[in-house]
Every structure is written in C-alpha cells, then in structure tokens.
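Student: coordinates only, sequence not included:
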C-alpha cells in the first residue's frame with residue numbers, strides 16, 4: 001500500500017468547515033478545520049479561553065458541520081486531543097459511526113489533491129483501522 005505523502009497513514013485535505021469539540025470533562029472549543037483526514041482533524045480555534053481549558057489526552061466528541069447542505073450535514077466522531085497549540089487543536093479519531101464515516105470519506109476525497117491515494121488508503125482499512133491480513137479472507 002502506498003503511504004500518504006509525508007509518511008502519514010492517511011492523506012490530509014485542506015477543508016474550511018466548522019468544528020465543535022466537547023471534552024469529557026466539560027470543556028469545549030470551536031473553530032475552522034485546517035487539515036482533515038480519515039483519522040483526525042487539526043483546526044484553528046475561535047475562542048482562546050475555551051481552547052486553553054482543553055488539555056492534551058482529553059477524551060472528546062467532535063462535530064464537523066457541512067453548512068453548504070440544507071439542512072447541514074453533521075459528521076460526528078469520538079476521539080482524543082493529541083495536540084494543543086497557541087491557536088489550534090488536533091484530535092485523533094477513535095470511533096466514527098457508519099453514516100458519519102461515509103461523509104468523512106467523501107469530504108476528504110473531494111478536497112484531497114490525490115483522490116486515488118485516498119481511495120487506496122480507504123481500501124486498506126476497516127473504517128479508521130488498518131486491515132489485518134485475516135480481513136482479506
């Protein structure tokens with residue numbers, strides 16, 4: 001399987017959609033997605049005070065809003081905060097429901113520079129997890 005550019009497991013796509021992250025300890029952060037992959041999201045935060053309360057390693061729920069649709073399509077995932085920067089956060093997805101995964105896949109596919117690479121990654125994974133050799137039987 002070809003690796004995503006820069007050695008990552010999944011290709012990143014530049015997507016400017018709204019994101020809302022709520023942590024299990026009651027904090028939240030809202031912003032605009034900078035990079036999105038089938039495995040996670042990196043986004044620029046709107047509100048500094050809320051972002052500063054979110055800590056690395058926090059379990060969270062993520063909602064991506066595709067406002068161009070009427071009604072808006074919501075992509076909902078669970079994950080954990082993997083990086084906190086001055087004006088941004090990164091979240092790695094742990095679980096994505098089937099309907100949301102289909103929207104996530106289509107969103108990354110439509111915004112990637114290499115659709116064939118995204119499809120190759122999709123074929124070599126079960127959802128967001130790498131396929132085991134037993135999955136091919």
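Tutor: On my side now, so go ahead. No experiment lies behind these values; they were computed from the predicted model shown.
Student: hang on, residue 76 in a helix?
Tutor: No: counting by DSSP: H, G, I helix; E, B strand; the rest coil, one finds residue 76 to be strand, located in no helix.
Student: averaged pLDDT, the helix or strand hosting residue 101. What do you get?
Tutor: According to DSSP states H and E, residue 101 maps onto helix 98-111. Per-residue pLDDT over helix 98-111 has a mean of 83.
Student: does anything pack onto that helix? Which helices or strands?
Tutor: Other elements packing on helix 98-111 under the criterion 3 or more CB pairs under 8 Å, 6 or more residues apart in numbering; DSSP states H and E are strand 13-14, strand 28-36, strand 59-66, strand 73-84, helix 115-123. For glycine as for every other residue, the C-beta is placed from the backbone atoms N, C-alpha and C.
Student: under the pLDDT cut-off, which ranges of the protein? List them.
Tutor: 1-12, 48-52, 113-137 (pLDDT under 70).
Student: surely residue 89 is in contact with residue 20?
Tutor: No: between residue 89 and residue 20 there is no contact under CB atoms under 8 Å: 11.4 Å.
Student: those two - which one has more neighbours?
Tutor: Ranked by neighbour count (other CB atoms under 10 Å), residue 89 and residue 20 place residue 89 first, with 24 against 18.
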